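Asks: Let me see the structure of the following:
(chains A and B)
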Amino acid sequence: MKAMQAYDYRAQLKLKSQDAIIHFDEGLIGFSEFKDYVLMESESLAPFRLLQSLDSAKVGFLVLEAASVIHNYYELVPPREWESLGIKDKAKPLAFVIVVIGSSPQASTGNFQAPLLINYERMIGKQMILTDSGLSVRQPLT
Amino acid sequence: MLVVTRKKDEKLIIGNEIEIQVLRIGRDNVRLGIKAPAHISIYRYEIYEAIKNENVSAVTSQIPDKETLEKISKGIKAE
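Replies: As a prediction, this is how the structure comes out:
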């Protein structure tokens, strides 16, 4: 199984057996050929997580739950986007933003304009773009 | 690249499901209407490019040590 061979070359994380595969049907934007990921957790990364491609050790994204920065973030995502992933239960939405760590905490940003929406029950996800949201691709985290 | 000339109100169809209609022709812009299934994402190209570039820079950026990540996470104030 390809999942067992995967690892990340930056955070040096080893895949655990409980890491389930999340399928991104369209891939991420600009990475359409990489569709299967695991959301890796580690004490050394918390509260961040690593969305690691199973097809390439070089393709991994540091992510953060969007609502931990903007608490009503889920409301900013149009209902039709949740529905396109089959998420009807609004009590359990899940959105992550991709993080870029800068030279200082102040220079570290999250891409709040293009979140990753995940349906944990069906283990599928997509990256969507929030147009007209006023949110930035490089929104400071602190 | 396929090049087609269309007049105002005329349409194109891509596959069986995507329709593009010329709604208005201005001096240096055109207004288009697009009909597509909900699972097809439609974005202005430059926005798509900006997100793509950001994804690429996320993949190529370093993942710092635990201490640095902790410092950042402590600074996060939920709005």
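
Asks: rest of the way, CA atoms for contacts and neighbours
Replies: OK.

Asks: ok, A:Gly102 to chain B distance?
Replies: The spacing between A:Gly102 and chain B, counted by Cα to the nearest Cα, to the nearest Å, is 9 Å.

Asks: what sits against the nearest residue to that residue once chain neighbours are set aside?
Replies: Once flanking residues are discounted, A:Gly102 sits nearest to A:Ser108: 4.5 Å by Cα to Cα, 6 or more residues apart in numbering or on different chains. By Cα atoms under 8 Å, 6 or more residues apart in numbering or on different chains, the contact set of A:Ser108 is A:Val99, A:Val100, A:Ile101, A:Gly102, A:Pro140, A:Leu141, A:Thr142, B:Ile72.

Asks: Wait, a strand at the first one?
Replies: Yes - inclusion of A:Val99 in a strand is indicated when DSSP: H, G, I helix; E, B strand; the rest coil is applied.

Asks: Please read off the pLDDT at it from the model.
Replies: A:Val99 is assigned a predicted lDDT (pLDDT) of 94.

Asks: The residue nearest to it when sequence neighbours are not counted: how many residues sit nearby?
Replies: Nearest non-adjacent residue to A:Val99, counting by Cα to Cα, 6+ apart: A:Gly110, 4.3 Å away. Other residues within reach of A:Gly110 by the criterion other Cα atoms under 10 Å in any protein chain shown amount to 26.

Asks: tell me the mean pLDDT for stretch B:37-49?
Replies: Rounded mean pLDDT across stretch B:37-49 is 90.

Asks: same thing with stretch B:53-69?
Replies: Rounded mean pLDDT across stretch B:53-69 is 88.

Asks: What of stretch A:122-138?
Replies: For stretch A:122-138, mean pLDDT is 90.

Asks: same check, this time on stretch A:69-86
Replies: Regarding stretch A:69-86, the rounded mean pLDDT is 88.

Asks: if you look at it, does any of it touch chain B?
Replies: Yes - residues of stretch A:69-86 are located near chain B by Cα under 8 Å from any Cα of the partner chain, namely A:Val69, A:Ile70, A:His71, A:Arg80, A:Ser84.

Asks: so can I have JSON lines of those showing secondary structure and neighbour count?
Replies: Output for these, formatted as JSON lines (DSSP: H, G, I helix; E, B strand; the rest coil; neighbours: other Cα atoms under 10 Å in any protein chain shown):
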{"residue": "A:Val69", "secondary structure": "coil", "neighbour count": "20"}
{"residue": "A:Ile70", "secondary structure": "coil", "neighbour count": "16"}
{"residue": "A:His71", "secondary structure": "coil", "neighbour count": "13"}
{"residue": "A:Arg80", "secondary structure": "helix", "neighbour count": "13"}
{"residue": "A:Ser84", "secondary structure": "helix", "neighbour count": "14"}
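
Asks: where's B:Ser73, which helix or strand?
Replies: helix B:66-75 (DSSP states H and E).

Asks: from the residues of stretch A:69-86 next to chain B, which is closest to B:Ile63?
Replies: A:Val69 (19.5 Å; Cα to Cα).

Asks: quick one: that closest one and B:Ile76 touch, right?
Replies: Yes - counting by Cα atoms under 8 Å, B:Ile76 is a contact partner of A:Val69 at 6.4 Å.

Asks: Now for these two: what residues contact both?
Replies: Common contacts of A:Val69 and B:Ile76 (Cα under 8 Å, 6+ apart): A:Leu141.

Asks: what about the helix holding B:Ser73 and chain A, touching?
Replies: Yes - Helix B:66-75 comes into contact with chain A (Cα under 8 Å from any Cα), by way of B:Lys66, B:Thr68, B:Leu69, B:Glu70, B:Lys71, B:Ile72, B:Ser73, B:Gly75.
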